[in-house]
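> quick one, what's the 3D model for this:
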Amino acid sequence: MIHPTVTRSAHAAAITAILIATPANADVPQPVREMIDAAIATGDADKVATVLELAKVTNPDDAAEIDSIAAAFAVKQQQLAKAEAAEKEAAIRSAGLFDNWSGQGQIGAFRSTGNNSDTGLSAGLKLQRTGINWRHKLNALADFQRTNGVTTREQFLLGYEPNYQINERLFAYALGQYERDRFQGFSSRLSASAGIGYDVIDTDAMSLSVKAGPAYRKTSFIAGGSDSSIAGLAAMDFDWSVSDTIKLTQDASAFIQSGNSTYLSTTGLEASLGGSLSARVSYAVEHDTDPPAGAVQTDTLTRFTLIYGF
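Next comes the predicted model:
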């Protein structure tokens, strides 16, 4: 087995050396041989395939030898892929609790004076840790606004979601979430859910996952009292890298229950500013079918934020 610490370039060099030493390839003309070796040295399978195809077209009498080169290269590429996968798995298994986390932080603020004096702040943090079968997600979001010295928006959300990958597409999830929004009439809203999810699309440019399951919600109201209920949760998460610099996101969820059901949709557009920095504009709509007295059914929020990915 190839040692996991061997680099890709070293593998490519090893492949080249092995193929050069193969007697069956001695009939391939030297200029063609050198062209093939140069392609193999890059380690790029697409380049190698193109060069080998051209070599067969221009040297049909050497097709058998060229095919043997292609077969040997394919075997070595498979060995390289297995070694890299083993190295990655070993790194994941030996990682500590605080290792292998990735994510992004976002922050936005505004200040206006004149007819109205407004000050606003929006901040968020998303973290994800992907293991062999487990994936952990942490999400925190806070929005605060004051108008003419009076607080007019104060929202906080904190959520944790572990996923267990059952197969390549199917996963089981659990969700714990805390919310506070006194202008919607509640001092706290706790939600818990567990169920099944499915990765409908999973490519480098686009991903779409859906999930659904039973849920439990407990709401403590600003005016006093609380309410507990059984609900159903359905949610989707869509990401589309339109280009190397533009990304479209769409998240939606619905807690459906007797009494007050909650529907939330957030549409975002991100533009890369270079490196790990991006700019984002998002539009969120939250609709409660039966909110507490004095609160509106539909609340919207547009955020302009800077994002730092890590």
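
> could you look up the SS state of residue 91?
Three-state assignment for residue 91 (DSSP: H, G, I helix; E, B strand; the rest coil): helix.

> can you offset everything so residue one is 855?
From this message on, residue numbering opens at 855, which makes the last subject residue 945.

> next, the contact list for it, please.
If you count contacts by C-beta atoms under 8 Å, 6 or more residues apart in numbering, residue 945 has none. (C-beta placed from N, C-alpha, C; glycine too.)

> pLDDT wise, what is residue 1038 at?
Predicted confidence (pLDDT) for residue 1038: 88.

> now it. Its backbone dihedrals?
phi -100, psi 0 (degrees, to the nearest 10).

> residues in contact with it?
Residue 1038 touches 1140, 1142, 1145-1146, 1149, 1153, counting by C-beta under 8 Å, 6+ apart.

> residue 1150 belongs to a strand?
No. Counting by three-state DSSP, residue 1150 is not part of a strand but coil.

> ok, how many other residues are close to it?
Using other C-beta atoms under 10 Å, residue 1150 is surrounded by 13 other residues.

> cool, and residue 1077?
Look at residue 1077: counted by other C-beta under 10 Å, it has 10 neighbours.

> need the nearest residue in space to it, chain neighbours excluded.
Counting by C-beta to C-beta, 6 or more residues apart in numbering, residue 1077 lies nearest to residue 1146, which is 6.7 Å off, once chain neighbours are set aside.

> can I assume the one you found sits in a helix?
No. Secondary structure of residue 1146 (three-state DSSP): coil, not part of a helix.

> distance of it relative to residue 1041?
11 Å (C-beta to C-beta, to the nearest Å).

> list the contacts for the residue nearest to residue 1077?
Contacts of residue 1146 by C-beta under 8 Å, 6+ apart are 1038-1040, 1075-1077.

> so it versus residue 1157, what's the distance?
25 Å.

> likewise for residue 902?
47 Å.

> of the two, who's got more company?
Set residue 902 next to residue 1157 and count neighbours by other C-beta under 10 Å: residue 902 wins out with 23 against 19.

> what's the closest non-adjacent residue to the more buried one?
residue 893 (4.7 Å).

> again with residue 912
According to C-beta to C-beta, 6+ apart, the nearest residue to residue 912 is residue 886 (7.4 Å).

> you'd agree the one you found is in a helix?
Yes. Assessed by three-state DSSP, residue 886 belongs to a helix.

> number of residues surrounding it?
19.

> in terms of helices and strands, where is residue 890?
helix 884-896 (DSSP states H and E).

> pLDDT of that helix, averaged?
89.

> do stretch 944-952 as well
73.

> related to what we said a few turns ago, nearest to residue 978 among the contacts of residue 1038?
Nearest to residue 978 out of the contacts of residue 1038 is residue 1140 (C-beta to C-beta; 15.5 Å).

> hmm, residue 1117 and the closest one touching each other?
Yes. With contact defined as C-beta atoms under 8 Å, residue 1140 counts as touching residue 1117 (7.2 Å).

> out of those two, which sits in the busier spot?
residue 1140 (20 against 16).

> the more buried one belongs to a strand, doesn't it?
Yes. Counting by three-state DSSP, residue 1140 is found in a strand.

> who does it form a beta bridge with?
Note on residue 1140: beta-bridge partners by DSSP bridges are residue 1118, residue 1153.
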